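Sequence plus predicted model, see below.
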Amino acid sequence: MMRLPRRRQALLLIRRRRPGAARGRRYLLAGVTAILLGFGIWPYLVLWRIDHAALQADPAVLAPYVDLEAVRRAITSKLNKDATSTIGPLSDRFIHWLQSAIASDGSGTIRRLVTLRWVRDQLLKHQSARDAGLLPGLSYAFFEAPDEFRVRIGQASENPTEVRMRLRHFRWRITAVYY
């Protein structure tokens, strides 16, 4: 019988002693895959919950899913030309809505106009039937970054509502709404 060098013999013994190592790697790979799939599905589940909350008569049901101050800050920073904004290009209707409100009310306009009821109205404005919700009107919903999710409700040709969601403190919440 042929003798192997000592180092090779030691490696063979180590491999023989660890028959479950391959199984352990498979479990680890399966666990990581399950976590990644769960993370990828999570904002869609929250969007489904937002849809159900938006269909309720009371807009306060949306409160856990909307960071109202962040929505107001996003609109205010878009109006400030010196600040950076996460809001993309605005439609003429949205700009006209803001200009007319600011002309009539002044600095408190954003706080007065951007409420949970306004967010709810923007989410549901593309629905075809009263109880259809926002999901049938979705034309885009995907990650922009690991902690940012972008949603478009309505087709691009019909002035869609754009929604940005951010993951903060282990919760997905709406942080910008515009059209």
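Arrived safely. Numbers count the residues shown, from 1 in each chain.

Which strands or helices does the top helix by length along the chain pack on?
Ranked by number of residues, the top helix in the chain under DSSP state H is helix 21-54. Counting contacts by 3 or more CB pairs under 8 Å, 6 or more residues apart in numbering; DSSP states H and E, helix 21-54 packs against helix 116-124, strand 138-145, strand 161-168, strand 171-178. (Each C-beta comes from the backbone N, C-alpha and C, glycine too.)

What strands flank the second one, and is each parallel or antiparallel?
The sheet places strand 138-145 alongside strand 148-153 (antiparallel), with pairing taken from DSSP bridges.

I figured Thr115 was touching Leu68, is that so?
Yes. Shown here, Thr115 and Leu68 form a contact pair, counting by CB atoms under 8 Å, at 7.4 Å.

show me what contacts the closest residue to Trp172 other than its chain neighbours?
In this structure, Trp172 finds its nearest non-sequential neighbour in Val46, 4.2 Å apart by CB to CB, 6 or more residues apart in numbering. Contact analysis of Val46 by CB atoms under 8 Å, 6 or more residues apart in numbering lists Tyr65, Met165, Trp172.

my read: Ile110 touches Lys78, true?
No. Using CB under 8 Å, Ile110 makes no contact with Lys78, being 10.3 Å away.

So for these two, which sits in the more crowded spot?
Taking other CB atoms under 10 Å, Ile110 and Lys78 do not tie; Lys78 has more neighbours (21 against 18).

That one sits in which helix or strand?
According to DSSP states H and E, Lys78 maps onto helix 68-79.

what angle separates that helix from helix 116-124?
Taking axes from the mean of the first three to the mean of the last three CA atoms, to 10 degrees, one finds helix 68-79 and helix 116-124 inclined to each other by 70 degrees.

List the buried residues of helix 68-79.
Within helix 68-79, the residues that qualify as buried by neighbour count (16 or more other CB atoms under 10 Å) are Leu68, Ala70, Val71, Arg72, Arg73, Ala74, Ile75, Thr76, Ser77, Lys78, Leu79.

go on, stretch 42-60?
Buried-residue list, stretch 42-60, by 16+ other CB under 10 Å: Pro43, Tyr44, Val46, Leu47, Ile50, Asp51, Ala53, Ala54, Leu55, Pro59.

Now do the contacts for the nearest residue to Leu68 once chain neighbours are set aside.
The shortest distance from Leu68 to any residue other than its chain neighbours is 6.6 Å, reached at Leu116 (CB to CB, 6+ apart). Leu116 makes contacts with Pro59, Ala60, Leu62, Ala63, Val66, Leu68, as judged by CB under 8 Å, 6+ apart.
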